[in-house]
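A.B. asks: With the sequence up front, the predicted model follows.
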Amino acid sequence: MILSNRTIILGITGSIAAYKAAELASHLVQLGANVNIIMTESAEHFISPLTLRSLTGRPVATGMFELNSEFVIEHISLAEAADIVVIAPATANIIAKLAAGLADDILSSTVLATRSPIIIAPAMNVNMYENQITQSNLSKLVSLGFILVGPVKGRLASGEMGLGRFASIGDITGAICRRLGENGDLARRHLVITAGGTQEPIDPVRYISNRSSGKMGYALAEAARDRGARVTLIAAPSALIEPYGVELCNVNTAMEMYSVVNDIAPRSDALIMAAAVADYRPANAVQAKIKKADTPLTLDLVNNPDILDNVKGNFVRVGFAAESEHLAENARAKLQRKNLDLIVANDITIAGSGFGAENNEVVLIRRGGTERKLPLLSKREVADKILDEVASLLR
Ligand code: CTP
């Protein structure tokens, strides 16, 4: 979507993490980008240009003065064609060169010649990273508008633990998408999105929950980020990885979600309640583990507040309706009852759609009655269709 047909320069420098650039390149190609690789001489000691050429299907630039190059003046042509430049991994050496404005190889020359945004993902030994020279070079680059992703803490090639590990492929991709989508149709909008199934404690080891995986809400959060929105994701527990560039608030119960939504949504532009909020909670969550007994156990449940119904404020309201029968009818009733602008009606009986699945088949129903039935799509595609409606409601 956001990356399709975009031209990305992926600059690879001589860090042990260079092998991970192959996975990054492949991932970007799968997302539809044209990936032009530029490698420094040291990077070639860690990974072969042939690997990268095979993954991207494009020539890999390795030197300034190659007679076989398809470009007239290669670094200038590459620099001009790029929508974004990503240096991943970036060594202390390339960071120092860029901070000094040096242009003594094809990568530094291309960076100096480009007007595109530049992302750097450092990867190096902790002492090299924490060295004041590297730190001041990085501060200079950030103050000049370079976007820094990572490094993160963890085990380094030297065996030490520390700051210096290459950021995840997901975070680097997230940073690229966010930067390229910065001026999208949700720019300067603040969206609050809820995700996942709340957990209502019975005792310290048990809870009541549901089958929601959180995938739909997380897909919405990433899609909104890639259209320029500021996103607050209020998430019940899930196995999903924290999305890059999104403000994540973790909650467990419906009551916690209610309190956070109440704090944040009234100052936002839109609330999208993709979470599967438990309608009931155990009346008394006991402090000690309930012991097994020979008699049946009865749990008393009390009602949770309906978040969508109760949160006050002037923002676009989007709800989901998870239904196993009378889909449109039940969804329309919820839209009315909860005073929504849009409801996403979800038939949970369709195989391969809804709870836990990668795909979703939904009907979008606007206040006033317009209905859009969508085919089975990936959750990311569904997210973008929902956001098309939100963007139009916000206009
Ligand atoms: N919702 C909410 N607070 C609740 C329960 C649900 O804000 N306590 C929101 C959900 O996030 C969803 C919408 O209301 O956007 C509809 O949720 P759903 O579970 O489909 O319906 P309910 O209103 O709970 O009604 P029912 O369970 O009877 O279908």
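C.D. replies: Now that the structure is in, tell me what you want to look at. Numbers count the residues shown, from 1 in each chain.
A.B. asks: can you list the residues of the stretch 251-395 of the chain near the ligand?
C.D. replies: With C-beta under 6 Å from any ligand atom as the criterion, the stretch 251-395 of the chain meets the ligand at residues 254, 273, 275, 277, 279, 304, 306-308, 319-322, 334. From N, CA and C alone the C-beta is placed, and that goes for glycine too.
A.B. asks: okay, who's weakest in these by pLDDT?
C.D. replies: In terms of pLDDT, the least confident member of those is residue 322, at 89.
A.B. asks: Quickly list what it is bridged to.
C.D. replies: Under DSSP bridges, the beta-bridge partners of residue 322 are residue 346.
A.B. asks: count of neighbours near it?
C.D. replies: Look at residue 322: counted by other C-beta atoms under 10 Å, it has 19 neighbours.
A.B. asks: Return the nearest residue of the stretch 51-200 of the chain with respect to the ligand.
C.D. replies: The minimum distance from the stretch 51-200 of the chain to the ligand, using C-beta to the nearest ligand atom, falls at residue 194 (6.3 Å).
A.B. asks: cool, and the stretch 1-150 of the chain?
C.D. replies: Closest point on the stretch 1-150 of the chain to the ligand, by C-beta to the nearest ligand atom, is residue 1, at 24.3 Å.
A.B. asks: Report the buried members of the residues of the stretch 251-395 of the chain next to the ligand.
C.D. replies: Buried members of these, scored by 16 or more other C-beta atoms under 10 Å, are 254, 273, 275, 277, 304, 306-308, 319-322, 334.
A.B. asks: got a markdown table for those residues, with distance to residue 395 and secondary structure too?
C.D. replies: Below are those laid out as a markdown table (distance: C-beta to C-beta, whole Å; DSSP: H, G, I helix; E, B strand; the rest coil):
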| residue | distance to residue 395 | secondary structure |
| --- | --- | --- |
| 254 | 32 | helix |
| 273 | 22 | strand |
| 275 | 26 | coil |
| 277 | 29 | coil |
| 304 | 34 | coil |
| 306 | 28 | coil |
| 307 | 26 | helix |
| 308 | 23 | helix |
| 319 | 20 | strand |
| 320 | 23 | strand |
| 321 | 25 | strand |
| 322 | 29 | strand |
| 334 | 25 | helix |
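A.B. asks: ok so, going back, count the neighbours of the residue of the stretch 1-150 of the chain closest to the ligand for me.
C.D. replies: Residue 1 has 14 nearby residues by other C-beta under 10 Å.
A.B. asks: Can you tell me how far the residue nearest the centre of the chain is from residue 209?
C.D. replies: In the chain, the centroid-proximal residue (C-alpha atoms, centre = their mean) is residue 243; its distance is 3.5 Å. Note on residue 243: its distance to residue 209, by C-beta to C-beta, to the nearest Å, is 22 Å.
A.B. asks: swap in residue 159?
C.D. replies: Counting by C-beta to C-beta - residue 159 and residue 209 are separated by 40 Å.
A.B. asks: and if you look at residue 175?
C.D. replies: 33 Å.
A.B. asks: Check residue 136 too.
C.D. replies: Separation of residue 136 from residue 209 (C-beta to C-beta) stands at 49 Å.
A.B. asks: Residue 188 now?
C.D. replies: 36 Å.
A.B. asks: out of these two, which sits in the busier spot?
C.D. replies: Per other C-beta under 10 Å, whichever of residue 188 and residue 209 has more neighbours is residue 209, with 16 against 9.
A.B. asks: Surely the more buried one and residue 280 touch.
C.D. replies: No. Using C-beta atoms under 8 Å, residue 209 is not in contact with residue 280; the gap is 11.7 Å.
A.B. asks: returning to what we had before: distance to residue 290 added to the buried ones among the residues of the stretch 251-395 of the chain next to the ligand, as TSV?
C.D. replies: Output for those, formatted as TSV (distance: C-beta to C-beta, whole Å):
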residue	distance to residue 290
254	21
273	32
275	27
277	24
304	21
306	28
307	28
308	32
319	34
320	33
321	34
322	29
334	35
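A.B. asks: Which one of those is nearest to residue 155?
C.D. replies: When those are compared for distance to residue 155 (C-beta to C-beta), residue 275 wins out at 35.0 Å.
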